[in-house]
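Asker: need the 3D shape of this:
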Amino acid sequence: MKNNIHSIIFLTLAAFVVLFSVSSCEDDTVYDGLPITNDLRVLQVQYNGSAVTGSIANFDPVGQFQLIFSHSLDVSAFESALSISPATVYTKSYDSTNSYVTISFSEPLQYETDYTVSLPAGVYGASSESMTSDYQLIISTKAFVPPVISLSVDASEYYEGDEFKITATITESILKDVSFDLALSGNSLKDTDYTIDQTSLSIPAGSLSASATVNVLPDGDTEGAETFVVELESLVNCVESVDQKVNININDVPPSIELKGVMELDDFNADGGSVRAIQLRVLIDIPDLSIYGLGIANNGGGTDGQEFTFPANSANAGDEILVLRDADEAQAKSYFGSCYDDFTVILTNKITGNGNDAVELFNDGIVIETFGEVSFSGGSSNYDLYWSYKDTWAYKLGDEWIYAGDGAVDNAQVATNNAKYPFCNPLELKGVTAMLFDVSATTSGNRGKSHHLRINRDIPDLSVYGMGVANNGGGTDGQEFTFPAISVKEGEQILIARYPDAMAEYYGTSCYSKFTYVYVDSYCSQNGDDAIEVFKDGSVIETYGDANVDGTGQGWEYTGSWAFKGDNGKWSNGGLSCTSGATSNSASSCPYPFCN
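Answerer: The predicted structure is shown next:
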C-alpha cells in the first residue's frame, strides 16, 4: 500500500513539473528566454516600433521610446526614481496595465549627444516587486544634417509700384534656427529704384521658410528694364546644393502694348510667297501710338536702335496690330484669309528682318520688350537658335513664347494649314487618347478616352464650338458635343474625358492640374482607329485622322495609346498599346507629351 501511495505522489509531482516546465517555456518565448522570476525587470526596449538590444543609436531629438516591464508599476515610486541625464524635459504615459511606459521629450534633445536613462535598484512594482539591480539605457541622438536652402520669387519681371516677396525655403524643418543674408546686385539701386524690408533673415527652428518684401519705387522716368539680382551669403545651419540666384527685371509702368508674334513666312506657297510682319496687342487705350516704335537687331550684331515709329493714331485696348512689310500685303491677305480682317494693319518698308533677327519694342526711344537675342555669334548664317523663325512664326501665348520651328509653314498656303498661326486658330485640337492603363478609379475599357484642346485666343462664347467622333471610317457622325456658353482665355487648356477620375489618377496632380476646364461626356467613344473632328458653327474646322478611313493599320492609329500635336503642326503617336498595364503616366513607356 505504501509503495502505491509513493507511486501516486511521484507521478503527481512529475506531472506538475512537466506542466510547469511547458508553461514556463511558452512564457519565455515572448521576451527572448528571460528566466522566470518574481523580480521586477525591464523585459524589452522599443524605438520606432522595433525592439532594441543595448543602447539606442541615431535617436531622433523629438522621438520617443518605450520600456516594457515584467510587472505592473507603482507609478509614483517609479517616477520618483527615474532620471535622465543630461537633464531634459520629458513626459511619461502608461498602458492600461501600467507595465508599458512611453517616454516622450517635451523639448528637443541636442544633436549628437549621449543621454543616460537610469533607474536604481528598488521597490517599484505595484505589488511591491523589487528591481534587484540598477538599470541604465544609453540614448545617442543623431548627427545634425544641414538642410538645403533655395531662393524663389513669383515672377521674373515687376513694374514700378509693384510689391513682391523673395522667399528662402529649406528642404526640411530642423531643431535649430537657420540664418542667412541676401546679397543684392544689378544695375537697379536700393532705396532709389526699390526698397527691401530686410536683408538678414532667419528661419526659426521648426519652420521651413522666410521672406523679404520688396517695393518697386515709381520715379516717372522711362528708363527701360533694370536688373535686380539676389544671392545668398553667410549661411548658418543650411547649405546650397547649387549657388542660389534670382534674376529680376524692374520695369517702368506696365506696358500699354506688347509683342505678340513675329514671322518670316517665306515660301508659304508654291509661288514663293513671303510675309514678313510683327503682331502687337494693345493692352491699355493709347491716345498717341507714335511714342512707340520697333527695331530689327540684325544678325546678332547688337541693337540697331528704333527704325520704325508708329503713326500718331490712337489705339484701343484689345486691338491687334499687324506691322506688315508693304511689299507683302497681297500675300498676307492670301495667307491669313478672313483672319486678316481681325488685324489693324500698318504697312511699312522697315520690316526687313530674317528669321534670326531679334525684334525690339521701344517707348520714347527706350527698349521695353525684346523678342530673341540682340547679340549672338555666327552672324547672318546662324539659325541654330531656339527662337529662330526662318520660314515660320513665333507667337506669345499668354506670357510664354511658342515656336513652330524653322520651315514649319513651307507650302502651308494659308494660316489654318500645317503649323497654324495660333491667333487665326482660336481653338486647337492638341491631343486624342484611347489609352488602356490600369488605375483603381475604374476598370472600364473606356477609362483612357479623352480629347485635349488649347485656347489660342480669347473666345467670348465657347459654345460656337463642338466635337465629334467619326467611327470606323464611315464618314462624319456630325457634332456630338457642344461646349458650354462660357468665355475662355488665351493659353487655357481643355480636357474632355469619358472618365475624368481615371485620367486624373493616371496623369497625376502635376499634369492634371494644368487643364483649366475638364468635361465628362460619353461621346468620347474612340477606339484608336476613329477620326476626331472639331466643329465651329456646325462645320468641321479641324480633323485628326481621316473620317472616311478606318484607322486600323494607318499611320495615325492610336489604339491603346495617344496622338499629340506639337506647335509645329505635326502629330506624334505614343505607339500602339504602349500604355497597356501602366499605372501612371510617369511610369509609362510613352508619357503623354503635355505632361512632360
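Asker: what about stretch 272-289, how long is it end to end?
Answerer: Using C-alpha to C-alpha, to the nearest Å, the gap from the first to the last residue of stretch 272-289 comes to 33 Å.
Asker: please point out which parts of that stretch sit buried.
Answerer: Under the neighbour-count criterion of 16 or more other C-beta atoms under 10 Å, stretch 272-289 has 273-282, 286, 289 buried. C-beta coordinates here come from the backbone N, C-alpha and C atoms, glycine included.
Asker: please apply the same query to stretch 189-205.
Answerer: Judged by neighbour count (16+ other C-beta under 10 Å), stretch 189-205 contains these buried residues: 193-194, 196, 201, 203.
Asker: any chance of those in a markdown table, plus secondary structure and pLDDT?
Answerer: As requested, the buried residues of stretch 189-205 are arranged in a markdown table below (DSSP: H, G, I helix; E, B strand; the rest coil; pLDDT from 0 to 100):
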| residue | secondary structure | pLDDT |
| --- | --- | --- |
| 193 | coil | 93 |
| 194 | strand | 96 |
| 196 | strand | 97 |
| 201 | strand | 97 |
| 203 | strand | 97 |
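Asker: nearest to residue 178, of these?
Answerer: Here the nearest of these to residue 178, counting by C-beta to C-beta, is residue 203; it sits at 4.1 Å.
Asker: is the residue lying closest to residue 534 once chain neighbours are set aside part of a helix or strand, or is it coil?
Answerer: Leaving aside its chain neighbours, residue 534 sits nearest to residue 542 (4.1 Å; criterion: C-beta to C-beta, 6 or more residues apart in numbering). Local secondary structure at residue 542 is given as strand here, using DSSP: H, G, I helix; E, B strand; the rest coil.
Asker: residues contacting residue 186?
Answerer: 226-229, 247-248 (C-beta atoms under 8 Å, 6 or more residues apart in numbering).
Asker: now with 6 Å?
Answerer: With contacts taken as C-beta atoms under 6 Å, 6 or more residues apart in numbering, residue 186 has the following neighbours: 227-229.
Asker: can I assume residue 235 sits in a strand?
Answerer: Yes: looking at residue 235 with three-state DSSP, it is inside a strand.
Asker: and it, how close does it get to residue 60?
Answerer: For residue 235, the distance to residue 60 equals 24 Å [C-beta to C-beta, to the nearest Å].
Asker: for residue 169, same thing?
Answerer: Noted for residue 169: a distance of 22 Å to residue 60, by C-beta to C-beta.
Asker: now do residue 475
Answerer: Counting by C-beta to C-beta, the gap between residue 475 and residue 60 amounts to 68 Å.
Asker: beta partners of the nearest residue to residue 352 once chain neighbours are set aside?
Answerer: Here the nearest residue to residue 352 in space, its sequence neighbours aside, is residue 296; by C-beta to C-beta, 6+ apart that works out to 6.0 Å. Partner residues in beta bridges with residue 296: residue 359, with DSSP bridges as the criterion.
Asker: residues in contact with residue 296?
Answerer: Listed by C-beta under 6 Å, 6+ apart, the contact set of residue 296 reads 352-353, 357.
Asker: helix or strand next in line after the helix or strand of the chain with the lowest mean pLDDT, which one?
Answerer: Among the secondary structure pieces of the chain, namely its helices and strands, helix 2-28 has the lowest mean (mean pLDDT, DSSP states H and E), a mean of 40. Using DSSP states H and E, the helix or strand that follows helix 2-28 towards the C-terminus is strand 42-47.
Asker: and the buried residues of stretch 189-205, which is closest to residue 67?
Answerer: Checking those against residue 67 by C-beta to C-beta gives residue 203 as the nearest, at 35.7 Å.
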